[in-house]
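Visitor: For reference, the sequence and a predicted model appear below.
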Number of protein chains: 4
Amino acid sequence: MLVILRPNTNEKSDEYIQTWDFLSHLQNIQLKKHIVLGKQQTLTEIYLIGDTSRVDRQQIATLPAVERVIKISEGYRILGRHHDNKRAVGFEYNGVQFNQDNLHIFAGLCAVDNRKHAEQMMKALQENGQCCTRMGAYKPRTNPYSFQGHGKGCLPYIFELAGKYGIKVIAMEITHERQIGEISECLEQTGRPTGVILQVGTRNIQNFELLKEIGRQQEFPVLLKRGFGITLSESLNAAEYLASEGNANVIFCLRGMKTSFGNPHRNFVDFSHVPVVKRLTRMPVCVDPSHSVGVRDKAPDGLLEIFHATAQGIIAGANAVLVDFHPEPHTALVDGPQALYLDELPAFLEDIRITREAYEKRRRLTEQLIDHDAEA
Amino acid sequence: MLVILRPNTNEKSDEYIQTWDFLSHLQNIQLKKHIVLGKQQTLTEIYLIGDTSRVDRQQIATLPAVERVIKISEGYRILGRHHDNKRAVGFEYNGVQFNQDNLHIFAGLCAVDNRKHAEQMMKALQENGQCCTRMGAYKPRTNPYSFQGHGKGCLPYIFELAGKYGIKVIAMEITHERQIGEISECLEQTGRPTGVILQVGTRNIQNFELLKEIGRQQEFPVLLKRGFGITLSESLNAAEYLASEGNANVIFCLRGMKTSFGNPHRNFVDFSHVPVVKRLTRMPVCVDPSHSVGVRDKAPDGLLEIFHATAQGIIAGANAVLVDFHPEPHTALVDGPQALYLDELPAFLEDIRITREAYEKRRRLTEQLIDHDAEA
Amino acid sequence: MLVILRPNTNEKSDEYIQTWDFLSHLQNIQLKKHIVLGKQQTLTEIYLIGDTSRVDRQQIATLPAVERVIKISEGYRILGRHHDNKRAVGFEYNGVQFNQDNLHIFAGLCAVDNRKHAEQMMKALQENGQCCTRMGAYKPRTNPYSFQGHGKGCLPYIFELAGKYGIKVIAMEITHERQIGEISECLEQTGRPTGVILQVGTRNIQNFELLKEIGRQQEFPVLLKRGFGITLSESLNAAEYLASEGNANVIFCLRGMKTSFGNPHRNFVDFSHVPVVKRLTRMPVCVDPSHSVGVRDKAPDGLLEIFHATAQGIIAGANAVLVDFHPEPHTALVDGPQALYLDELPAFLEDIRITREAYEKRRRLTEQLIDHDAEA
Amino acid sequence: MLVILRPNTNEKSDEYIQTWDFLSHLQNIQLKKHIVLGKQQTLTEIYLIGDTSRVDRQQIATLPAVERVIKISEGYRILGRHHDNKRAVGFEYNGVQFNQDNLHIFAGLCAVDNRKHAEQMMKALQENGQCCTRMGAYKPRTNPYSFQGHGKGCLPYIFELAGKYGIKVIAMEITHERQIGEISECLEQTGRPTGVILQVGTRNIQNFELLKEIGRQQEFPVLLKRGFGITLSESLNAAEYLASEGNANVIFCLRGMKTSFGNPHRNFVDFSHVPVVKRLTRMPVCVDPSHSVGVRDKAPDGLLEIFHATAQGIIAGANAVLVDFHPEPHTALVDGPQALYLDELPAFLEDIRITREAYEKRRRLTEQLIDHDAEA
């Protein structure tokens, strides 16, 4: 059960003290407080943990500081939606809003190979009006003898170039907690020319120690990639690890599932889950067409299958796209075969624009719909 | 190797005789002739089967009746595209064209329960300008003690009502070859008021004896549902069973794959394969959002997830939609929980219209694209 | 609910008439009678179908012809065990007993290629004391252009050779109901020198029309192969289709599941389900190491992985082994790479003997075990 | 390519210098040295990395310090077998040998809950002649709000009790590199009464940073659990991460794969891969019947399915068994439903003894076998 207090309730106020006192005397119930710092207001949420079956919800709703009480229906206590559509969704970072209603494109290099390519990429993004990118410095690889990324060595020029070309947010995968500090220090040393969202890859989705460490810091938001071999529910529980430690600024990214049913694609594209994740949680939902599709095959209509997969995410309401580009895909050190060329960027963005516009039209359709499924 | 003769080549002409004579003397090569009856012309295709590695393609191209020679690159000899975009795609049936460029909606009853519901359904379709439907008379069920459809008993009123409401094509599942005759006879007896496409379900995808029997008749086209537990390539090989016996008028239907990765959907939506099937074969591609999604859950944007899945198929170029409706879903004998209500039909069609329009715009984008992947 | 009558209850006896009369007047309950013809006695089972929640089990137990009443707990009404260990398990066919306690080996040709190989195979079996074999005449193939078996043409010499070499039971796959008649006629014409168990392949596991037709005949028992892409429960329901139509003489065969997790084996070996199927149903359980493993790789201990998989089935109580042998595997038309050589047969049988002996010892261990899981 | 030097080759000897000199001048080839410290000898292995296709294997074999040259055929450079059966397999730790020929049982608590249960467990092990156990202090859990183990707090009494009851090796899962130090310090403080094998769980199989850290220490061997959602090859590559950093003392543990095909078991038992892992690598192979089966269901023959799964591992040559016991399973904090009772331990061990004896007999069969598959 979740008790939401009135906005800006002061912990020293009588209303708060009286409310907390009542709650803390409930039998077999533990309390966990979660503070949501918004731009205009501070929200205090109190989770009641334990056997809540005998707790009187009506009575709690009448406590002085309480705004409303929500029944927690799934395992994702903090990130879950719990059939309540009034709670805040999303967050702001470095001047950019991320929520379940808007859309951002993180086009960039899967793995940074050199400064020249990074600069070509960022320049192209600026020319096309983009303020986000992806840049991989730390790369987890299946084979221990494969290239594992340039690591912290490339951070200074990445950040500097981002600043130069007006990039505000870089999605950057990390594989170990120590890298949080490396990124933070380098940002500090370079004068904070840009911002970073910490990306956690599919292979670390159940690396709970890493998730906890990331959850304990508030500096960077997180882009968490779904596990390619576990259920959706288990991946959402992994996201909840971040929130349970204090960081609920999480974008959830669909990137395809590992099964031979996806052949000839590299993975089985799972973008049908875009509306599902939005229904079950309050996280913005990202799609990664590059790792899902994994090949540059082209349909007879002339569009690359990566374009089609992207459109499938967008038409169902995706809030972000993580996509691999490269100035020279055939020379890329990681995942070259799935990267788009820089000269494909304008068409890629135009394709998204067309599809997003259609999505907006589709949303307006709901005014015509009768609700056959309202809960009694 | 596939040798395509000039249109309307007469088998008694000198050109034909000379060509055939040459081909039939090739060593270790068997010939298989496939006739494509089009509206304006008859096309003769000759497949060279065996060790074609030593066959001189250039020489054959110069034979008198030959238009061109195509290298067969995948297993799907007849239905495959083989990187050739000039061959005929699709077919006409009962006045309706089915190909890889247009779009038809087969909304209807998963299982016919009674005449009243069938009539309500068809009336709604007519009012919404539709000429196709789905109507299930023969239902394969996992449990032997479940309702298995009304069988041939309901055919007379189904066909009569179809005629009354202007339905030209009914997609109807069959589970045994004897049902082809039952349908054919009943159509004859009722005066051919409508047409039927024989639907083969996912559980019969490798019931090769059934596929062969269906392939041997030319009266009805086929809608073949992908196998939910085999690879795409294996399902396309199953389609080829139909063509290899003589019937290449096949619509291929994606309907979701069976894996727990799809939860909370009933199956794992596989519509990312729409462009893949169009690339690998010349079949029109249908999507079945009802069996894929399987639930009436609604995204926070107010759209049912069945709508979203449908839009994902359409935005990537799907040519048909097979979807369950029912006047009273809660009373349906089969798959009620996934059926849409009749009053949702207008919005469903409008949603498809919006999305199809976006797809058409997307196609025009290709004029801007550079071809980085042309084969040398 | 299942009502078992006293053995040899005559349907004209007062006890029977009184019992049936009572049962047939139960409200909202349909009756389905199933007769089990044993060697010493005839057993009548009456299934109560419908809402049995209000039926008084105690009262029925006191009816004059009733021996006992069993609660039906899973979907497999007839074949299920329903936590009752007293009902008959298995069957006799052509003088051979098949049940959950004994063990038979069906070594033979996956696909009959010629008379010579069939004879070499059967001769080797006789020399090694075997009375069962497998011989494939009708082969379902993924690709329509692959060899599909010699069909009924090879039946006469197969049956004749079986008689010559003392083979009493041949497991033979069928893919269409018409083949039942072909086999029956050929057996008749050749003087019934042997017996046949109809094998249904994994691709036809949900070809319910075929299962129903096979279920309607009593001449041949059935060996049903598990579906490689559906759940165990769904496969057991498919077996129940046979029983629900009248034929409960079914051997259930595990043959590996289709998933890349099984690599480098052809399929994912599923023999851990041997005890599960024995617990859930009363069918004898067969294992097919050839199609599961699919390769002739050898462990460093010198034993082929096909031997190891077989031993894994046997040590857990398997009742039959279906295994591919071939006099010249490299010339086999189907599945050659997985076939064992004839000179490996003695070691294969000795390996099974060693392992079966260990299984028998393991069973005796249960006398030491405390039952911690008895139901209250 | 792998160059193995003669045992105890001194790096200052002329033979060594001459050999190294030659190898280091090969074009486009990098060298990686791996030292194997055995009891009687030190072995130097030199890996040639890069384009070895033009390297003359014969010539290298004649270099003064070289014993022999092995072609590296798969990705697992160090742990792989590479069709060579002469290299050392396994290792010794705390007086216990672990290799591909012997067998050890790690029965114990999945998660330590209190001192009393730990003591009851160890006492039972001693009474049954066991010197290994499993004890979980750090538990990764899917849900962030579940019990996560007592952590380092329980280490002192675990180690003390192990010493008291003669336990020489404890398999203990770790989830973060810091725990290596915690374990090492506590062992030191308690006077090294026992030894520890660091266990890496299935959810951390691609937590490459953790693997690298563990690989960099030589104090503890490793028990690595296969990933439940990736291919076998990917899991073996993860093991190679340990070896590539310096620690090749790895036991590889099969623990079931995550797919609904395994139902009603918790996971799909994968013990058919025991001989496969032994063929592909030089690691001893462990099986975990508790997490694979996950339930206490009992076959009609009276044996628990956990016993059957264990026997399936043993009969195919497994070298270790990791199995959950608990004095009071119904009170266990983690995975109680799959734990065996202490009074089942004697029968469990006897069952293994019977089956292992059968395995030994099976091995002797190979003397009768003809090798049909020898490489040319």
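Guide: Here it is on my side, so go on. Numbers count the residues shown, from 1 in each chain, chains lettered A, B, ... in the order given.

Visitor: in chain A, which ranges drop under the pLDDT threshold?
Guide: Where chain A drops to pLDDT under 70, the residues are A:73-74, A:374-376.

Visitor: Skipping its backbone neighbours, what lies nearest the residue of the stretch 201-350 of chain A found nearest chain C in space?
Guide: When Cβ to the nearest Cβ is the measure, the stretch 201-350 of chain A has its nearest residue to chain C at A:S260, with 4.8 Å between them. Every residue, glycine included, has its C-beta placed from N, CA and C. With Cβ to Cβ, 6 or more residues apart in numbering or on different chains as the measure, C:S260 is the residue that lies nearest to A:S260, at 4.8 Å, once sequence neighbours are left out.

Visitor: Do the helix or strand hosting A:K278 and chain B come into contact?
Guide: With elements taken from DSSP states H and E, the one containing A:K278 is helix A:274-280. Yes - applying Cβ under 8 Å from any Cβ of the partner chain, one finds that helix A:274-280 is in contact with chain B at A:274-276, A:278-279.

Visitor: So which elements touch whichever helix or strand comes after that helix?
Guide: Tracing the chain C-terminally past helix A:274-280 and defining elements by DSSP H and E, one meets strand A:285-287 next. The elements that strand A:285-287 packs onto, with contact taken as 3 or more Cβ pairs under 8 Å, 6 or more residues apart in numbering or on different chains; DSSP states H and E, are strand A:250-254, helix A:274-280, helix A:305-315, strand A:320-324.

Visitor: how many degrees apart are the third one and strand A:250-254 in direction?
Guide: The one in question is helix A:305-315. The directions of helix A:305-315 and strand A:250-254 differ by 130 degrees, with axes from the mean of the first three to the mean of the last three Cα atoms, to 10 degrees as the criterion.

Visitor: ok, helix A:305-315 near chain B or not?
Guide: Yes - residues of helix A:305-315 contacting chain B under Cβ under 8 Å from any Cβ: A:305, A:307-309, A:311-312, A:314-315.

Visitor: closest to B:R353 among these?
Guide: Distances from the residues of helix A:305-315 next to chain B to B:R353 were compared by Cβ to Cβ; the smallest belongs to A:I315, at 13.3 Å.

Visitor: OK, contacts around the closest one?
Guide: Applying Cβ atoms under 8 Å, 6 or more residues apart in numbering or on different chains, we find A:I315 in contact with A:355, A:358-359, A:362, B:308, B:311-312, B:315, B:355, B:358.

Visitor: So what's the residue count around the residue nearest to A:S260?
Guide: C:S260: 15 surrounding residues under other Cβ atoms under 10 Å in any protein chain shown.

Visitor: Please apply the same query to A:E328.
Guide: Counted with other Cβ under 10 Å, residues neighbouring A:E328 total 14.

Visitor: Helix, strand, or coil at the residue of the stretch 151-300 of chain A found nearest chain D?
Guide: At 2.0 Å from chain D, A:G229 is the closest residue in the stretch 151-300 of chain A, using Cβ to the nearest Cβ. Look at A:G229: counting by DSSP: H, G, I helix; E, B strand; the rest coil, its state is coil.

Visitor: I'd say it and D:G229 touch.
Guide: Yes - between A:G229 and D:G229 a contact is recorded at 2.0 Å, counting by Cβ atoms under 8 Å.

Visitor: what touches both of those two?
Guide: Applying Cβ under 8 Å, 6+ apart, one finds that A:G229 and D:G229 are jointly contacted by A:258, D:258.

Visitor: rewinding a little: tell me who's in contact with the residue of the stretch 201-350 of chain A closest to chain C.
Guide: In this structure, A:S260 makes contact with B:231, C:259-260, judged by Cβ under 8 Å, 6+ apart.

Visitor: beta partners of A:V321?
Guide: For A:V321, the beta-bridge assignment (DSSP bridges) gives partners A:I105, A:V287.

Visitor: Could you give the number of residues near it?
Guide: 25.

Visitor: Is it in contact with A:F106, as I believe?
Guide: Yes - using Cβ under 8 Å, A:V321 is in contact with A:F106, at 6.6 Å.

Visitor: what sits in contact with each of the two?
Guide: With Cβ under 8 Å, 6+ apart applied, the overlap between the contact sets of A:V321 and A:F106 consists of A:C286.

Visitor: can you pull out the strands in chain A?
Guide: Listed in chain order, the strands found in chain A under DSSP state E are A:2-5, A:29-37, A:42-50, A:66-70, A:91-93, A:96-98, A:104-109, A:132-135, A:169-173, A:195-200, A:222-225, A:250-254, A:285-287, A:320-324.

Visitor: if we can go back for a sec, adding distance to C:N267, write the helices and strands packed on strand A:285-287 out as CSV.
Guide: Formatted as CSV, the helices and strands packed on strand A:285-287 follow (distance: least, Cβ to Cβ, whole Å):
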stretch, distance to C:N267
strand A:250-254, 29
helix A:274-280, 31
helix A:305-315, 29
strand A:320-324, 34
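
Visitor: give the contact list for the nearest residue to A:S272 once chain neighbours are set aside.
Guide: Spatial nearest neighbour of A:S272, excluding adjacent residues (Cβ to Cβ, 6+ apart): B:V269 at 3.5 Å. B:V269 sits next to A:272, B:256, B:262, B:289, B:292-293, B:309, B:312 when contact means Cβ under 8 Å, 6+ apart.

Visitor: what's the answer for A:M172, then?
Guide: A:134-138, A:183, A:196-199.

Visitor: again, only using 10 Å
Guide: Taking Cβ atoms under 10 Å, 6 or more residues apart in numbering or on different chains as the contact definition, A:M172 lies against A:108, A:112, A:133-138, A:155, A:158, A:179, A:183, A:196-199, A:220, A:223.

Visitor: Which entries within those residues meet the buried criterion?
Guide: Members of these that pass the buried threshold by neighbour count (16 or more other Cβ atoms under 10 Å in any protein chain shown) are listed as A:108, A:112, A:133-138, A:155, A:158, A:179, A:183, A:196-199, A:220, A:223.

Visitor: Also near chain D: which of those residues, exactly?
Guide: A:138, A:179 (Cβ under 10 Å from any Cβ of the partner chain).

Visitor: Present the strands of chain A as CSV; the columns should include distance to C:D351.
Guide: What follows is these, written out as CSV (distance: least, Cβ to Cβ, whole Å):
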stretch, distance to C:D351
strand A:2-5, 61
strand A:29-37, 58
strand A:42-50, 56
strand A:66-70, 62
strand A:91-93, 63
strand A:96-98, 62
strand A:104-109, 56
strand A:132-135, 55
strand A:169-173, 50
strand A:195-200, 49
strand A:222-225, 47
strand A:250-254, 48
strand A:285-287, 52
strand A:320-324, 52
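
Visitor: which residues of the stretch 51-200 of chain A fall in helices?
Guide: For the stretch 51-200 of chain A, the helices defined by DSSP state H, counting those that start in this stretch occupy A:57-61, A:115-127, A:155-164, A:178-189.

Visitor: Out of the ones you listed, which one sits most buried?
Guide: The highest mean neighbour count among the helices of the stretch 51-200 of chain A, using mean count of other Cβ atoms under 10 Å in any protein chain shown, belongs to helix A:155-164: a mean of 21.

Visitor: List the contacts of that helix.
Guide: The list of residues contacting helix A:155-164 from outside it, by Cβ under 10 Å, 6+ apart, reads A:108-109, A:112, A:114-115, A:118-123, A:125-126, A:131-133, A:135-138, A:150, A:167-170, A:172, A:179, A:182-183, A:185-187, A:189-196.

Visitor: switch the cut-off to 6 Å
Guide: Helix A:155-164 has contacts (Cβ atoms under 6 Å, 6 or more residues apart in numbering or on different chains) with A:115, A:118-119, A:122, A:135, A:170, A:186, A:190, A:193-194.
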